[in-house]
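Peer 1: Need a 3D model of the following:
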Amino acid sequence: MQCHKTGWFCGSVVLVLSWLITFYSFWQLVEMHEMVPGKRFDRYPELGQHCFGPKLGYWVVMPQQLAVQVATGIVYGVTGGKSLKKCFELIWPAWGDYRTTYFILFFVCLQFVISQAPNFNSLKGVSLLAAIMSISYAAIAFFASTIQGVHHREGVSYGVRSPTVSGQLFDFLNGCGTIAFAFAGHSVSLEIQATIPSTAEKPSKYAMWKGVVVAYVVVAVCYGTVSVAGYWAYGKHVEDDVLISLMRPAWLIALANFMVFVHVIGSYQVFAMPVFDQIEQYLVEERGLAPGRPLRIICRSIYVAAIGFVSISVPFFGGLLGLFGGLFFASTSYFMPCIMWLVTQKPKRMSFHWTASWISIVLGFLLAVLSPIGGAHTIIVAFKTYSFFS
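Peer 2: Here you go, the predicted structure:
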């Protein structure tokens with residue numbers, strides 16, 4: 001929901017371009033998963049090592065992937081806490097006086113338990129539930145926003161929220177980064193594809209690509225309809241999360257916010273599991289610790305606690321999206337797959353794949369450089385009136 005920062009036209013252009021670029025770069029990752037006969041690149045850093053060399057490839061890709069996964073965990077912690085608080089506020093208004101910190105802390109406590117799942121395969125049920133919740137709350141947001149717009153749209157002002165040119169520029173950059181955050185799946189795509197059985201007759205890429213197409217169609221429908229309906233109903237005063245703006249009917253909006261809470265519980269694990277795997281692999285192979293449940297409980301609990309502490313300390317939903325979206329997500333989702341494709345496939349100069357890859361690289365690099373400025377500005381402004389753990 002970024003039209004209040006970018007405007008109708010610019011917001012729509014950025015959203016469509018981001019969808020097309022990341023859809024194309026996702027296809028590249030799916031294709032490169034098994035591009036070497038007899039070998040599967042099950043992790044993003046492994047593909048980086050193949051493209052850029054054992055040392056350079058690992059240290060180019062691993063920190064960026066790790067940053068995406070950590071940043072996603074932080075934002076999901078904030079989102080889960082705010083959504084749960086909104087749910088309780090609508091059902092029991094007295095709960096509105098409680099700090100957001102307590103609701104984020106509850107989210108973190110749930111993650112302590114769920115994080116003990118051994119691997120991706122054990123999270124299939126949680127991931128399916130999260131996907132169902134995502135579609136459900138998007139549908140509620142769309143219909144509730146549409147009803148709001150039809151019956152209570154008098155005096156709605158469009159355009160961008162900031163009254164100054166500099167403020168509008170910062171908001172636009174932050175909005176671009178926030179849109180980039182929506183396309184975070186690339187950082188875990190190879191790990192997900194690694195769970196799909198693959199044979200010479202039926203490579204994993206076919207099943208994986210079908211899943212990606214379905215996911216991107218759902219993303220296009222959900223994000224497109226909710227963005228348009230929310231901005232149409234509330235104009236430039238719509239919140240970054242439109243469900244925070246909606247108030248009626250109270251029971252339905254409360255249900256939608258609870259669905260968001262359930263959705264981010266499952267999604268948190270999808271991005272945390274590769275981090276758990278890296279930490280445990282390092283401790284076992286480099287530090288000689290014995291693998292098993294005690295190691296899993298300790299290292300995963302420490303990670304969840306650290307992410308939760310940051311979420312509680314800096315709960316700036318809109319600013320974090322813009323900052324992280326450009327700073328980390330632009331690389332892993334927009335231009336890193338394209339660079340890898342050019343290195344490994346060497347498409348003919350001025351061919352479709354050569355041109356599409358370079359366009360994605362240039363736009364992705366501009367996004368990575370510029371949008372964090374808007375996100376950082378939003379956080380700095382919010383800090384002026386913020387007290388820790390409030």
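Peer 1: need the contact list for Val218.
Peer 2: Residues in contact with Val218, defined by C-beta atoms under 8 Å, 6 or more residues apart in numbering, are 134-135. C-betas here are computed from N, CA, C, even on glycine.
Peer 1: how near is it to Ser357?
Peer 2: 26 Å (C-beta to C-beta, to the nearest Å).
Peer 1: pLDDT weak spots in the chain?
Peer 2: Along the chain, the parts satisfying pLDDT under 70 run over 1-8, 120-123, 149-163, 236-237, 239-241, 243-248, 315-325, 382-390.
Peer 1: go again using 50 as the cut-off
Peer 2: Where the chain drops to pLDDT under 50, the residues are 2-4.
Peer 1: for it, what's the longest helix?
Peer 2: helix 54-91 (DSSP state H).
Peer 1: following it, which helix or strand shows up next?
Peer 2: As assigned by DSSP states H and E, the chain's next helix or strand after helix 54-91 is helix 100-114.
Peer 1: What residues sit buried inside that next one?
Peer 2: Judged by neighbour count using 16 or more other C-beta atoms under 10 Å, the buried positions of helix 100-114 are 100-101, 103-105, 107-108, 111, 114.
Peer 1: Can you classify Gly38 by secondary structure?
Peer 2: coil (DSSP: H, G, I helix; E, B strand; the rest coil).
Peer 1: For burial, what's the neighbour tally of it?
Peer 2: Using other C-beta atoms under 10 Å, Gly38 is surrounded by 6 other residues.
Peer 1: what are the phi and psi angles of it?
Peer 2: phi 80, psi 0 (degrees, to the nearest 10).
Peer 1: what does the one 5 residues further on give?
Peer 2: As for Arg43, its main-chain torsions (degrees, to the nearest 10) stand at phi -140, psi 150.
Peer 1: right, and it touches Gln193 too?
Peer 2: No - taking contacts as C-beta atoms under 8 Å, Arg43 lies outside contact range of Gln193: 10.5 Å.
Peer 1: more neighbours, those two?
Peer 2: Gln193 (24 against 21).
Peer 1: any idea how far Leu47 is from the more buried one?
Peer 2: For Gln193 relative to Leu47 (C-beta to C-beta), the value is 11 Å.
Peer 1: Now the common contact residues for the two.
Peer 2: With C-beta under 8 Å, 6+ apart as the test, Gln193 and Leu47 both reach His33.
Peer 1: Which secondary structure element is home to Ala220?
Peer 2: Ala220 is part of helix 204-234 when elements are defined by DSSP H and E.
Peer 1: Quick check: buried residues in that helix?
Peer 2: So, applying 16+ other C-beta under 10 Å, buried residues of helix 204-234: 204-205, 208-209, 212, 216, 219, 222-223, 225-234.
Peer 1: Which strands or helices does the host helix or strand of Met259 pack on?
Peer 2: Assigned by DSSP H and E, Met259 belongs to helix 250-285. In terms of contacts (3 or more C-beta pairs under 8 Å, 6 or more residues apart in numbering; DSSP states H and E), helix 250-285 is packed against helix 54-91, helix 100-114, helix 124-151, helix 186-193, helix 242-245, helix 293-313.
Peer 1: Please identify the buried residues of it?
Peer 2: For helix 250-285, burial by neighbour count (16+ other C-beta under 10 Å) applies to 253-276, 278-280, 283.
Peer 1: how close does Ser12 get to Ile265?
Peer 2: 31 Å.
Peer 1: next one: Lys202
Peer 2: Distance from Lys202 to Ile265, by C-beta to C-beta: 33 Å.
Peer 1: One more: Cys51?
Peer 2: Relative to Ile265, Cys51 is positioned 34 Å away (C-beta to C-beta).
Peer 1: Likewise for Phe23?
Peer 2: From Phe23 across to Ile265, the span is 27 Å (C-beta to C-beta).
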